[in-house]
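**Q** Please find the sequence and the predicted model below.
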Amino acid sequence: MSDNGLFLTLEGIDGAGKSSHLDALEALFRAQGREVVRTREPGGTPLAETLRGLILEKPMDPLTESLLVFAARRDHIVQIIEPALVRGDVVLCDRFTDATFAYQGAGRGFDEAVLSTLERWVQAEAGRAPLLQPHITLWFDLAPEIAAQRLAGARVPDKFEAQPVEFFSRVAQGYAARVAADAKRFVRIDASQSRDQVWQQVETALVARGVLNGSVTR
Ligand code: TYD
């Protein structure tokens with residue numbers, strides 16, 4: 001198994017602006033000669049993208065939703081993430097399990113003990129003890145009120161984006177709890193700053209973590 005694979009995830013509430021940095025992140029790693037697999041959750045495989053459509057559009061109880069999210073994740077890990085890490089690629093993933101704890105757990109109030117059990121089932125991978133987890137997670141932290149303003153009128157909202165600001169306050173607390181429980185995996189990005197300043201934070205954090213060499217230019 002290669003030790004050079006890098007599993008990097010981006011997290012934050014809807015409207016925090018994380019996805020707008022994916023192009024630049026991909027370009028940055030490619031410029032350093034890395035192969036990059038850019039993907040997202042829920043999704044990333046044909047089956048998982050089908051499940052994504054259901055999860056984002058259909059009303060369902062929180063256990064059903066959690067099972068579908070983790071079913072999609074299992075397929076994504078087996079088909080895409082694990083093979084890419086074994087090849088030594090950079091896996092750039094827009095959301096992963098932290099989003100499940102934040103949205104289904106804190107947001108919808110679903111039992112986190114059940115989510116932890118599903119996490120253990122789905123992310124148990126030989127050689128990735130105790131579980132497959134991202135090496136680094138960029139957490140785009142933004143006040144829910146500001147995120148709501150940024151989202152307003154931007155596009156037709158999906159099931160989660162249509163939730164009131166109170167829902168996103170709970171989701172934000174869920175993220176903060178996940179960060180507190182595994183602080184060294186996370187980099188907090190102050191997403192209230194300008195897009196350029198946010199990008200600077202991302203670049204600086206990756207250099208500090210030793211996954212980029214310091215001489216990169218944009
Ligand atoms: P998002 O990543 O924001 O994609 P887009 O920018 O295309 O809207 O949307 C995914 C939504 O799915 C987001 O509202 C969070 C939600 N979600 C969960 O509820 N649980 C999960 O485990 C994941 C990965 C996402």
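**A** That came in fine, so what should we check first?

**Q** tell me which residues in the helix or strand containing residue 202 are buried?
**A** Taking DSSP states H and E as the definition, residue 202 sits inside helix 195-208. By neighbour count with 16 or more other CB atoms under 10 Å, helix 195-208 contains the buried residues 198-199, 201-203, 205-206. Every C-beta, even on glycine, is put in place using the N, C-alpha and C of the backbone.

**Q** Need the residues you listed in CSV (columns: distance to residue 157 and pLDDT).
**A** Putting those into CSV (distance: CB to CB, whole Å; pLDDT from 0 to 100) gives the following:
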residue, distance to residue 157, pLDDT
198, 23, 98
199, 26, 98
201, 27, 98
202, 26, 98
203, 31, 96
205, 30, 97
206, 31, 97
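
**Q** Closest one to the ligand out of those, please.
**A** residue 198 (15.9 Å; CB to the nearest ligand atom).

**Q** residues touching the most centrally placed residue in the chain, list them.
**A** For the chain, residue 95 is the residue whose C-alpha lies nearest the centre (CA atoms, centre = their mean; 1.9 Å). Residue 95 makes contacts with 9-11, 40-42, as judged by CB atoms under 8 Å, 6 or more residues apart in numbering.

**Q** Now cross-check those against the ligand and list the overlap.
**A** Restricting those to those touching the ligand (CB under 6 Å from any ligand atom) yields 41-42.

**Q** Just the closest of the contacts of residue 95 to the ligand, please.
**A** residue 41 (3.8 Å).

**Q** so what's the closest one closest to, chain neighbours aside?
**A** In this structure, residue 41 finds its nearest non-sequential neighbour in residue 95, 4.6 Å apart by CB to CB, 6 or more residues apart in numbering.

**Q** mind checking how far the one you found is from residue 72?
**A** 11 Å (CB to CB, to the nearest Å).

**Q** residues shared between the contacts of those two?
**A** Residues touching both residue 95 and residue 72 (CB under 8 Å, 6+ apart) are 41-42.

**Q** near the ligand, which residues of this structure?
**A** Counting by CB under 6 Å from any ligand atom, the residues of the chain near the ligand are 14, 19, 41-42, 56, 69, 94-95, 99-100, 103-104, 160-161.
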